[in-house]
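Student: With the sequence up front, the predicted model follows.
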Amino acid sequence: MLLRESYRDEQGRSQKRTLANLSKLPGDVIDALKGLLKGGTVIGTRPDELEIERSLPHGHVAAVLGMIRQIALDRLILSRDKDAASRRHCDLVVAMMVDRLIEPRSKLGFVRAVDQETANSSLGAVLGLGKVKEHEAYDALDWLLDRQARIESGLARRHLQDGVLVLYDVTSSYFEGRCCPLARYGHSRDHRRDRPQIVYGLLCTREGLPIAVEVFEGNTGDPSTLRAQVEKVKDRFGISRMVLVGDRGMITSARIRDDLRPAGLDWITCLRAPAIQALAQDDGPLQFSLFDERNLAEISAPDMFPGERLIVCRNRDLADERARKREDLLVATERELTQVQERVGRKNSRLKSAADIGMAVGAVLNRKKMAKHFDVEVADAYLSWQRRFEQIDEEARLDGVYVLRTSMPAEHLDAAEVVQAYKDLSRVERAFRSLKTVDLEIRPIRHWTAQRVRAHVFLCMLAYHVEWLLREALAPLLFHDTELNAARAERISPVAKTEPSEAAKTKKATNRSTDGHRVMSFAGLIAHLGTLTRNTMRVPLRPKHRFTLYTKPTSLQEAAFKLLDLNPVRVQ
């Protein structure tokens, strides 16, 4: 191992000469000399000779941002807008989506999280955001809302086609303030009747992947949101044939008559209790002998539902649960009525007039929703009640029974497929849970104008679109049942509850994947990926010389990025 140099002799010819023989030096010293001669810097063995100038969590940013790049969602958002301002807005929108997934916060908190001075992840550095001002985040939201229709149409082109089955449901989220014109008092799914709210509907693929979202005023009824979705699917998405799946409160007979039939769309929904009771009359088509040896049957009622198929299901587990719950509510109601009766019987009680007693009894019955099951007699200083046994028995007959109605011909969708399609609505409920509480925390809503609220909800929907794809890719490392379809195929009937597969049971019992990695919740895995950090290193002997060094991935992080087909170092 020789140290040589090149030079020119007196005639100008290139020559080489040996300066030293390094063969006896240790190998690490020789390697250090090679690096030094190439322009590198000598780093000693003392701790103060190499400094970590900045260390930022990076792995979760790489996972989420890498998925956005893989599905080209950033290009879909930007589309043909190539000017600098649009590129800046797009980068901020992407950053807000990533930030919403790794740690939901307000837009002011987002600005602090990506600013160079106060950054708490590598997000700002990876996207090259530099200094971000507060108004830029709000301007980016306004820019995004202007492109919502085009972005949703692009997602529809990717995931929807003619004849597709689409899930639709609505939910609500409450406000703390009263300034937003969309905020109204209405039926609260959050059980916050003391707060105004907004209503928003989510359109998903059958697998639960969100495609479009729309925000309505807080007092909007579920059925009245359906027309906007029909127009969106027909006019904006250009889909002429589609099966819309919605619950009994969404797809009503009026909406079928006024919206779905004129548009030429098919539907799957469920009958309300009064309609089921009408079918179960003595001379009706719903006879309980149908369930002697099975829990699924197809009937027809051309007088009540012309041109439709009716699939009757009876879930015995659900029947037992409803009977138990009814009895618990009846007992609890009687207990509270007894307390009211004791108050009436006290010598100096203020509860003596029939009007006061009636108000106290009404409060008890309304709170438990049991007024239909009791006959109550009220007079001055008098209260008595008894159960309506015939009415209770009549209701109990239909425990566990539900009837699906659809316009789809049997040759295109058999009875079992109709039942499963309706049960897939639970995937929209899962999306709402993720949006509202588990991961994305759509509330508290910190915007006052209608446009900003709509943009905020749309941003959260796009973030959940990415989360859904991440969950699918990372399923082997999560508590997800990766063999759910196989477990469904083993059921005797689609009415029965799907039991977890053996793989899911083993995963839950051992808390380990098939490869031996520890399984986690989605939030826990994202947090663990964040421990892969992006470090800015500095050598004190050369203050201007800085380089980036990433921590070595753990085995779980390596497995996660392998499933995502990403290199966390190259996500830029």
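Tutor: That came in fine, so what should we check first?
Student: I'd assumed Tyr402 was in a strand, is it?
Tutor: Yes - the assignment for Tyr402, made by DSSP: H, G, I helix; E, B strand; the rest coil, places it in a strand.
Student: Please name the residues that touch it.
Tutor: Cys270, Leu271, Ile276, Val312, Cys313, Asn315 (C-beta atoms under 8 Å, 6 or more residues apart in numbering). Glycine gets a C-beta too; all of them are placed from N, C-alpha and C.
Student: Just list whatever residues bridge to it.
Tutor: Per DSSP bridges, the residues bridged to Tyr402 are Cys313.
Student: So which of the contacts of Tyr402 is the closest to Gln391?
Tutor: Among these, Ile276 lies closest to Gln391 (C-beta to C-beta), at 15.3 Å.
Student: Can you list the buried residues in the helix or strand hosting that closest one?
Tutor: Assigned by DSSP states H and E, Ile276 belongs to helix 273-279. Buried residues in helix 273-279, counted by 16 or more other C-beta atoms under 10 Å: Ala275, Ile276, Gln277, Leu279.
Student: Flag every buried residue along the helix or strand just after that helix.
Tutor: Following helix 273-279 in sequence order, the next helix or strand is strand 296-299 (DSSP H and E). Applying a neighbour-count criterion of 16+ other C-beta under 10 Å, one finds Leu296, Ala297, Ile299 buried in strand 296-299.
Student: which ones are touching the last one?
Tutor: By C-beta under 8 Å, 6+ apart, the contact list for Ile299 reads Leu279, Pro285, Leu286, Leu290, Leu310, Val312.
Student: Identify all residues paired with it through a beta bridge.
Tutor: On the basis of DSSP bridges, Ile299 is bridged to Leu310.
Student: how close does it sit to Leu310?
Tutor: 5 Å (C-beta to C-beta, to the nearest Å).
Student: Spit out the residues that contact the two alike.
Tutor: With C-beta under 8 Å, 6+ apart, Ile299 and Leu310 have common neighbours Leu279, Pro285.
Student: hang on, Arg452 packs against Ala140?
Tutor: No - with contact defined as C-beta atoms under 8 Å, Arg452 does not reach Ala140; the gap is 11.2 Å.
Student: Looking at those two now, which is surrounded by more residues?
Tutor: Ala140 (23 against 18; other C-beta atoms under 10 Å).
Student: May I ask you to confirm that the more buried one belongs to a helix?
Tutor: Yes - counting by three-state DSSP, Ala140 is found in a helix.
Student: number of nearby residues for the closest residue to it other than its chain neighbours?
Tutor: Nearest residue to Ala140, sequence neighbours excluded (C-beta to C-beta, 6 or more residues apart in numbering): Leu92, at 3.9 Å. For Leu92, the neighbour count with other C-beta under 10 Å is 25.
Student: Ramachandran coordinates for Leu92?
Tutor: Leu92 adopts backbone torsions of phi -70, psi -40, taken as degrees, to the nearest 10.
Student: swap in Arg184?
Tutor: Dihedral angles (degrees, to the nearest 10) for Arg184: phi -140, psi 160.
Student: does it really touch Gln197, like I thought?
Tutor: Yes - look at Arg184 against Gln197 with C-beta under 8 Å: they come within range, at 7.0 Å.
Student: between these two, who's got more neighbours?
Tutor: Legend: neighbour count by other C-beta under 10 Å for Arg184 and Gln197, higher for Gln197 (26 against 17).
Student: phi, psi of the more buried one?
Tutor: Main-chain dihedrals, Gln197, degrees, to the nearest 10: phi -150, psi 170.
Student: which residue packs closest to it, ignoring adjacent ones?
Tutor: In space, Gln197 is closest to Gly218, 4.0 Å off (C-beta to C-beta, 6+ apart).
Student: residues touching the one you found, list them.
Tutor: So Gly218 contacts Ser172, Phe175, Leu182, Ala183, Arg184, Tyr185, Gly186, Pro196, Gln197, Ile198, Val199 (C-beta under 8 Å, 6+ apart).
Student: Please list only the buried members of those.
Tutor: Buried, going by 16+ other C-beta under 10 Å: Ser172, Phe175, Leu182, Ala183, Arg184, Gly186, Pro196, Gln197, Ile198, Val199, out of those.
Student: Make sure the last one is indeed in a helix.
Tutor: In other words, Val199. No - assigned with three-state DSSP, Val199 falls outside any helix and is strand.
Student: On the strand side of things, show who it bridges to.
Tutor: Residues in beta-bridge contact with Val199 (DSSP bridges): Ser172, Phe216.
Student: Check the gap between it and Leu108 for me.
Tutor: 26 Å.
Student: After the longest helix along the chain, heading C-terminal, what element do we hit next?
Tutor: Criterion DSSP state H: the longest helix present in the chain is helix 316-345. Proceeding N to C from helix 316-345, the next assigned helix or strand is helix 354-368, under DSSP H and E.
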